[in-house]
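**Student:** Sequence and predicted model, in that order:
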Amino acid sequence: MSDLRFLCVPCDGIGPEIADATESVLDTLISELGLSIDLERDLAGFDSLKKYGITLREELLEKAETDFDGVILGPMSTMDYPSVADGGRNVSGGFRIGLDLYANVRPARSRPSIQNKAPGMDLVIYRENTEGFYSDRNMYQGVGEMMPDPDMALSVRKISRRCCMRICRQAFDAASRRRKKIAAIHKANIFFMTDGLFLECFRAVSNEYPDVETEEILIDAFAALLIRQPEVYDVIVTTNFYGDTLSDLASELSGSLGLAGSINTNAENGRCMAQAQHGSAPDLAGKNVANPTSLILSLAMMLTWIGDHRGNTKLSEAGRLTEMAIDQVLSNPENWPRDLGGSVNTDEFGHRVCAAVGKLARTSVVIL
């Protein structure tokens, strides 16, 4: 029996293609480094709706919680799903809430070899994942949006001390291991109570990390500053809606949303889910032209996170080796996928990353 079990859920659109490329990289890591990992696939999204009548089965969530050490989740076409009553459950939200994956971790790093609008940017955004304005996950029963009449729609935002404290602790812990700088992004000049509570928790946690330099920035000001001086920032911590928006902005500034890795974690229960940061791009589905970097990088992040969390040095270094391999491949324009201006297909890009992983492993660039 293998030491680890991963669940892969490709979902919709380009999901199956980029999941195939990601699995090929994992297979190479297993072969080259002797990792003991089993991988199982299951259905969510439209394939699940067609077979089971619902986009995300409760049974699948229960399996993910009890039977697997990590989840690899592809992109989904949530906007095209039917209503919840007709089986259109939000797959991403379902996994995040079902596994209590409260920390969405999204790095954004500019590579000199790839044209970008943010030279020198190397930051990571810690986004609270389980409440805020997200109406499908901020109520115990029901949803946080309602229509009292056909001409009025209301939305409720939930911010809790418990969730603010735990995301801030994770972000401060990351900052203490990076450049010891952290910025809280908020709009407390308007949202006095909700963002005010978030800032109260941020300041409380900051007392536990006296060596970490702190800053509090309004979200509108930060959006401008991210363009003006992206190299200044290290760790960003914020609430759900702000973090979703800012992480896409940062990733696009770094070169492409297709280069953006992402994991969802819970440091207390040890669960982690790798997830492509971008959408399902249904217009590209089945054409073998999508860039799989985001999901491959997310796998690398998950390997590193689980390895660090469990003290498994071999697994941690496997994740870092994968990131090095991707950097090597992307450093040559002849290897670029179409969204970067190249012509390399999805599967071929995966093969080239696999080759780089194998070469790095065999030449002992990292200590395993």
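**Tutor:** Received the coordinates, thanks.
**Student:** pLDDT below threshold where in the protein?
**Tutor:** For the chain, residues meeting the criterion pLDDT under 70 lie at 1, 364-368.
**Student:** Hmm, Val143 is touching Ser135, no?
**Tutor:** Yes: contact criterion CB atoms under 8 Å: Val143 and Ser135 qualify, at 4.7 Å. For glycine as for every other residue, the C-beta is placed from the backbone atoms N, C-alpha and C.
**Student:** which one of the two has more residues nearby?
**Tutor:** Per other CB atoms under 10 Å, whichever of Val143 and Ser135 has more neighbours is Ser135, with 19 against 14.
**Student:** List the residues that contact that one.
**Tutor:** Applying CB atoms under 8 Å, 6 or more residues apart in numbering, we find Ser135 in contact with 143-145, 155-156.
**Student:** was I right about Gly13 contacting Lys287?
**Tutor:** No: using CB under 8 Å, Gly13 is not in contact with Lys287; the gap is 10.7 Å.
**Student:** more neighbours, these two?
**Tutor:** Taking other CB under 10 Å, Gly13 and Lys287 do not tie; Gly13 has more neighbours (25 against 13).
**Student:** Skipping its backbone neighbours, what lies nearest the more buried one in space?
**Tutor:** Leaving aside its chain neighbours, Gly13 sits nearest to Ser280 (2.9 Å; criterion: CB to CB, 6 or more residues apart in numbering).
**Student:** Going along the chain, name the strands of the stretch 51-200 of the chain.
**Tutor:** With DSSP state E, counting those that start in this stretch as the criterion, the stretch 51-200 of the chain has strands at 70-73, 103-109, 122-128, 145-149, 152-155, 181-186.
**Student:** Parallel or antiparallel, which strands does the second one pair with?
**Tutor:** Right, strand 103-109. Applying DSSP bridges to the sheet, strand 103-109 is found paired with strand 122-128 (antiparallel), strand 263-266 (antiparallel).
**Student:** can you put those strands in TSV and add distance to Ala19 and mean neighbour count?
**Tutor:** Shown next, in TSV, are the strands paired with strand 103-109 (distance: least, CB to CB, whole Å; neighbours: other CB atoms under 10 Å):
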stretch	distance to Ala19	mean neighbour count
strand 122-128	23	24
strand 263-266	16	24
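**Student:** Just the element for the residue nearest to Val232 when sequence neighbours are not counted, please.
**Tutor:** Nearest non-adjacent residue to Val232, counting by CB to CB, 6+ apart: Leu225, 7.5 Å away. Per DSSP states H and E: Leu225 is located in helix 219-228.
**Student:** just checking, what packs against that helix?
**Tutor:** strand 181-186, helix 240-253 (3 or more CB pairs under 8 Å, 6 or more residues apart in numbering; DSSP states H and E).
**Student:** For the residue of the chain most remote from its centre, give its distance to Glu59.
**Tutor:** Of all residues in the chain, Asp149 sits farthest from the chain's C-alpha centroid, using CA atoms, centre = their mean; the distance is 36.8 Å. Going from Asp149 to Glu59 by CB to CB, to the nearest Å gives 38 Å.
**Student:** The stretch 201-350 of the chain: strands as residue ranges?
**Tutor:** 213-218, 235-238, 263-266, 271-275.
**Student:** by how many degrees do the first one and helix 219-228 diverge?
**Tutor:** Compare the direction of strand 213-218 with that of helix 219-228 by axes from the mean of the first three to the mean of the last three CA atoms, to 10 degrees and you get 110 degrees.
**Student:** any idea which residue sits dead centre in this structure?
**Tutor:** Among the residues of the chain, the one closest to the centroid is Ser262, at 2.1 Å (CA atoms, centre = their mean).
**Student:** ok, that one - contacts?
**Tutor:** Counting by CB under 8 Å, 6+ apart, Ser262 makes contact with 104-106, 247, 274-277, 294, 298, 301.
**Student:** Throw the residues you listed into JSON lines and include distance to Thr238, thanks.
**Tutor:** What follows is the contacts of Ser262, written out as JSON lines (distance: CB to CB, whole Å):
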{"residue": "Asn104", "distance to Thr238": "10"}
{"residue": "Val105", "distance to Thr238": "12"}
{"residue": "Arg106", "distance to Thr238": "11"}
{"residue": "Ser247", "distance to Thr238": "9"}
{"residue": "Ala274", "distance to Thr238": "21"}
{"residue": "Gln275", "distance to Thr238": "18"}
{"residue": "Ala276", "distance to Thr238": "21"}
{"residue": "Gln277", "distance to Thr238": "16"}
{"residue": "Ser294", "distance to Thr238": "21"}
{"residue": "Ser298", "distance to Thr238": "20"}
{"residue": "Met301", "distance to Thr238": "19"}
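**Student:** Go through those and name the one nearest Asn240.
**Tutor:** Nearest to Asn240 among the contacts of Ser262, counting by CB to CB, is Asn104 at 8.1 Å.
**Student:** So what pairs up with that closest one in the strands?
**Tutor:** With DSSP bridges as the rule, Asn104 is bridged to Arg127, Asn264.
**Student:** which residues touch the closest residue to His278 other than its chain neighbours?
**Tutor:** Distance criterion CB to CB, 6+ apart; nearest residue to His278, sequence neighbours excluded, is Leu257 at 4.7 Å. Leu257 makes contact with 248, 251, 277-278, 294, according to CB under 8 Å, 6+ apart.
**Student:** And Leu257, how far from Asn291?
**Tutor:** Taking CB to CB, one finds Leu257 at 9 Å from Asn291.
**Student:** can you give me how far stretch 160-169 is from the chain middle?
**Tutor:** Stretch 160-169 sits 19 Å away from the centroid of its parent chain (CA atoms, centre = their mean, to the nearest Å).
**Student:** Report the buried residues of it.
**Tutor:** Going by neighbour count (16 or more other CB atoms under 10 Å), the buried part of stretch 160-169 is 160, 163-169.
**Student:** Domain parsing of the protein, as residue ranges.
**Tutor:** Here the domain parsing of the chain from automatic domain parsing is 1-102+260-368, 117-253.
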